[in-house]
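Enquirer: structure for this input, please:
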Amino acid sequence: MKILIDTNVAIDILLFRKPWYTHSALVFSLTKQKFIQSFISATTITDIFFLTKKDLGKKRAKEEIKKLLQVFQPAAVSANDIYQALDMEWSDFEDSVQFIVGESISADYIISRNTQDFASGSIPSLTPEQFIQVITDIE
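Expert: Here you go, the predicted structure:
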């Protein structure tokens, strides 16, 4: 199984954002299992740094991103991905890029708190809670 983690889930983990931290952190923990390949787009990593350095400081933000990257593999974002995302009719460009990256890695799911942002795409989007249920049902 391959999953792509959306920006909001990663930030929930890094900033301990309540009430979402618990489920997002559980996704982080579950993805350490061997049958799950978990990814995070390269553009998300830069977004996370930008959004967390204010709260964590530059040094700690980098350290926390390194911890994330021990579990979530960076997924490349190519020039072609950007052009494809620009041509999509979606209201949020960042979500378009996420979706295109998800397609490029053949993701089974995109894990996001904002599943409606991916509703018109062909990759199912699950909240962290929904993903936990899917994994629980598989085991």
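
Enquirer: what sits against His23?
Expert: 127-129, 132 (Cβ atoms under 8 Å, 6 or more residues apart in numbering). (Each C-beta comes from the backbone N, C-alpha and C, glycine too.)

Enquirer: which residue packs closest to Arg17, ignoring adjacent ones?
Expert: Distances taken as Cβ to Cβ, 6 or more residues apart in numbering put Ile11 closest to Arg17, at 6.7 Å, once the chain neighbours are dropped.

Enquirer: that neighbour - that's part of a helix, no?
Expert: Yes - under DSSP: H, G, I helix; E, B strand; the rest coil, Ile11 sits within a helix.

Enquirer: I'd say it and Lys53 touch.
Expert: No - Ile11 is not in contact with Lys53 according to Cβ atoms under 8 Å; the separation is 11.8 Å.

Enquirer: more neighbours, the two?
Expert: Ile11 (19 against 16; other Cβ atoms under 10 Å).

Enquirer: so for the more buried one, what's the pLDDT?
Expert: Looking at Ile11, its pLDDT is 93.

Enquirer: for it, give its distance to Met1.
Expert: Per Cβ to Cβ, to the nearest Å, Ile11 is found 23 Å from Met1.

Enquirer: what of Phe118?
Expert: Counting by Cβ to Cβ, the gap from Phe118 to Met1 is 17 Å.

Enquirer: okay, these two: which has more neighbours?
Expert: Taking other Cβ under 10 Å, Phe118 and Met1 do not tie; Phe118 has more neighbours (24 against 15).

Enquirer: nearest residue to that one other than its sequence neighbours?
Expert: Ser125 (3.8 Å).

Enquirer: quick one, what contacts the one you found?
Expert: 109-112, 115, 117-119.

Enquirer: helices - which of the residues you listed land there?
Expert: Assigned to helices by DSSP state H, none of these qualify.

Enquirer: mind checking which of the residues you listed are buried?
Expert: The neighbour count (16 or more other Cβ atoms under 10 Å) marks 109-112, 115, 117-118 as buried among the contacts of Ser125.

Enquirer: let me know the closest of the residues you listed to Val101.
Expert: Set against Val101, the nearest of these by Cβ to Cβ is Ile110 (9.3 Å).
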